[in-house]
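Peer 1: sequence first, predicted coordinates after that:
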Amino acid sequence: MEYKYGNTLIRIKQGYREIGGNFIIIEDKDNTLVFDQGIRFSRFKKYYNVNIQPSSASELRRLGIIPPSDEFNKIYISHLHLDHLGVLHLLNVGTLLHVPDKDTFNQFIEPYKESDNWTTYISPPLGVNVIDIRDNQDGVLPLQVEHSAYPAYSFYYNNGDVRILYSGDLRLSSPLKVADQELHDRIHEKTLLEEYEERGLDTDVLIIEGTNFSSAISPLQPHYFNEQVNNIFENHGNSLIMVSIDPIDLEELAYLLLVAKEKGRIPVFSGRRLIKMASFWISKFNLTDKAYQFDDKSIEFEIIDEEEIIRSPQDYVIFTVKGNLIDFGRRLSEIIKGSAVISLSTESKAESGEDESVEDNWYKALGFIIYRLRISGHYYPYELRTILEYIKPKKVIPIHTEAPLTMCEYINKLGYSCAENLP
Ligand SMILES: [Zn+2]
């Protein structure tokens, strides 16, 4: 998809009529900017499985799974989901890589550096210049949004010729916002719509995600999700409760730590990646006073042993990432049968490349009671109206959806106009 506005060319090279793998190039007389350079997991799954793994980053590029972003030297990443961040390994020395919060990026990328599979290509080579997005170069204004990865940004770009808003991925509400406004506001800067209201920004072209326009199952509303979590904690009061969570989803973690505290349970972290991210978030935002971890290569919290958990399961909540929970269950299955598992899946398969059916089979085999709760990182289709009323774009380009034309029909009905593809 290519669209010209004045002397500015907008090229949606990946992420049009597909979910994930965004790669957007904005070209004007002074600048060529890249917004996101994600992995296309829908293509990834065509070529790889457990037996066949990527042999190099260039192979991924050859197969059209990652974009040729090494042809560009100014790259902006909206958030750290892999369908936006992508594989950084092929970037040239001297590339200016703008990331959402440099500290978070460094924490996030660290484990990939030591990875012994293809995910090691996710980390950038030495010599790539990693810059915090808020350092605001080339006239790109980052505006924070809510999403299931933290932090996440939309980009507002005004080159004097055209004013573009690239939405990244966003939702309008979240479990944390519903549960604890104060904590929510501590974590978030002003978000997109508030910024628009305050700054009175004008927009010619809106490039907006539409993930939930092609999603078959509507995800849970935040208040309903919160009610479910509360019910689980209330009624499994005597059992161990385990939660599998994405380490980059700060809001979900903060919300569940809140619930754990209310119910008098102490969080226990398991799995290196989660231990590191959780420790980073907890100290940055002061999320809990007390937490433990299981023994691990990295030690961030006081260590607790499994015997203690077995003695008083009702006092703890185990936070872990997916594979880990199954290992834990395999070791202790006889003792913790009948425990409750809250498995949080935030994104659609096309975004994360994960298949959850194997896990589900394990949970069943291990005798766990599973609650798979899906809360979306994306706005609901009916919320598009509110977004458009704030942004008032002259033209809209729907991306990150399998149904751009359906979106356009709806956008027209709301009194706005979709951009026509260049002939
Ligand atoms: Zn995302």
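Peer 2: Structure received.

Peer 1: only C-alpha atoms for contact and neighbour calcs from this point on.
Peer 2: Will do.

Peer 1: starting at the chain centroid, how far to whichever strand or helix holds Phe319?
Peer 2: If you go by DSSP states H and E, Phe319 is part of strand 316-320. From the chain centre to the centre of strand 316-320 is a distance of 21 Å (CA atoms, centre = their mean, to the nearest Å).

Peer 1: for the record, mean pLDDT for that strand?
Peer 2: Taken as a whole, strand 316-320 carries a mean pLDDT of 95.

Peer 1: and stretch 75-86, end to end?
Peer 2: 11 Å (CA to CA, to the nearest Å).

Peer 1: that one: which residues count as buried?
Peer 2: With burial defined by 16 or more other CA atoms under 10 Å, the residues of stretch 75-86 counted as buried are 75-86.

Peer 1: mind putting those into TSV with pLDDT, distance to Ile66 and secondary structure?
Peer 2: Compiled in TSV, the buried residues of stretch 75-86 are given as follows (pLDDT from 0 to 100; distance: CA to CA, whole Å; DSSP: H, G, I helix; E, B strand; the rest coil):
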residue	pLDDT	distance to Ile66	secondary structure
Ile75	97	14	strand
Tyr76	98	15	strand
Ile77	98	14	coil
Ser78	98	16	coil
His79	97	16	coil
Leu80	96	15	coil
His81	95	14	coil
Leu82	95	11	helix
Asp83	95	9	helix
His84	97	10	helix
Leu85	97	10	helix
Gly86	97	7	coil
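
Peer 1: among the residues you listed, which one sits closest to Ser298?
Peer 2: Ser298 lies nearest to Leu80 out of the buried residues of stretch 75-86, by CA to CA, at 22.2 Å.

Peer 1: same for the next helix or strand after the strand holding Phe319, what does it pack against?
Peer 2: Per DSSP H and E, the first helix or strand lying C-terminal to strand 316-320 is helix 322-336. Under the contact criterion of 3 or more CA pairs under 8 Å, 6 or more residues apart in numbering; DSSP states H and E, the helices and strands touching helix 322-336 comprise strand 241-244, helix 357-366.

Peer 1: quick one: list the elements packing against the longest one.
Peer 2: Spelled out, that is helix 357-366. Contact partners of helix 357-366 among helices and strands, from 3+ CA pairs under 8 Å, 6+ apart: helix 322-336, strand 369-374.

Peer 1: can you list contacts of the longest one?
Peer 2: Meaning helix 322-336. By CA atoms under 8 Å, 6 or more residues apart in numbering, the surrounding residues in contact with helix 322-336 are 240, 242, 244-245, 270-271, 310, 359, 362-363, 366-368.

Peer 1: now that helix: buried residues?
Peer 2: Buried residues in helix 322-336, counted by 16+ other CA under 10 Å: 322, 325-326, 329, 333, 336.

Peer 1: could you do stretch 153-169 as well?
Peer 2: The neighbour-count criterion (16+ other CA under 10 Å) identifies 153-158, 162-169 as the buried residues of stretch 153-169.

Peer 1: measure how far that stretch is from the centre of its chain, please.
Peer 2: Here stretch 153-169 shows a centroid-to-chain-centroid distance of 20 Å under the convention CA atoms, centre = their mean.

Peer 1: convert that stretch to PDB, retaining C-alpha atoms only.
Peer 2: Coordinates of each C-alpha in stretch 153-169 appear next as PDB, following Å, rounded to 0.1, in the frame of the first residue of the first chain:
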ATOM      1  CA  TYR A 153       3.800   4.900  21.800                       C
ATOM      2  CA  SER A 154       2.000   6.400  18.800                       C
ATOM      3  CA  PHE A 155       4.100   8.700  16.600                       C
ATOM      4  CA  TYR A 156       3.000  12.100  15.500                       C
ATOM      5  CA  TYR A 157       5.100  13.400  12.600                       C
ATOM      6  CA  ASN A 158       4.900  16.900  11.200                       C
ATOM      7  CA  ASN A 159       7.300  17.700   8.300                       C
ATOM      8  CA  GLY A 160       5.600  21.000   7.300                       C
ATOM      9  CA  ASP A 161       4.000  19.200   4.400                       C
ATOM     10  CA  VAL A 162       1.900  16.700   6.100                       C
ATOM     11  CA  ARG A 163       0.900  15.800   9.700                       C
ATOM     12  CA  ILE A 164       0.800  12.100  10.200                       C
ATOM     13  CA  LEU A 165      -0.200  10.000  13.200                       C
ATOM     14  CA  TYR A 166       0.900   6.400  13.300                       C
ATOM     15  CA  SER A 167      -1.000   4.700  16.000                       C
ATOM     16  CA  GLY A 168       1.200   1.700  16.800                       C
ATOM     17  CA  ASP A 169      -0.900  -0.700  18.800                       C
END
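
Peer 1: buried residues, the host helix or strand of Leu384. List them.
Peer 2: Counting by DSSP H and E, the secondary-structure element that holds Leu384 is helix 384-391. Residues of helix 384-391 classed as buried: 384-385, 387-388, 390-391 (neighbour count, 16+ other CA under 10 Å).

Peer 1: now for that helix, which elements pack on it?
Peer 2: Packed on helix 384-391, when contacts are counted by 3+ CA pairs under 8 Å, 6+ apart, are helix 192-199.

Peer 1: show me what the helix it packs on is packed up against.
Peer 2: Taking 3+ CA pairs under 8 Å, 6+ apart as the contact definition, the neighbouring helices and strands of helix 192-199 are strand 140-145, helix 384-391.

Peer 1: list the contacts of the longest one.
Peer 2: Right, helix 384-391. Applying CA under 8 Å, 6+ apart, the contact partners of helix 384-391 are 193, 196-197, 201-203, 414.

Peer 1: how about stretch 301-313?
Peer 2: Stretch 301-313 is contacted by residues 238-241, 268, 279, 291-295, 315-316, 335-336 when judged by CA under 8 Å, 6+ apart.
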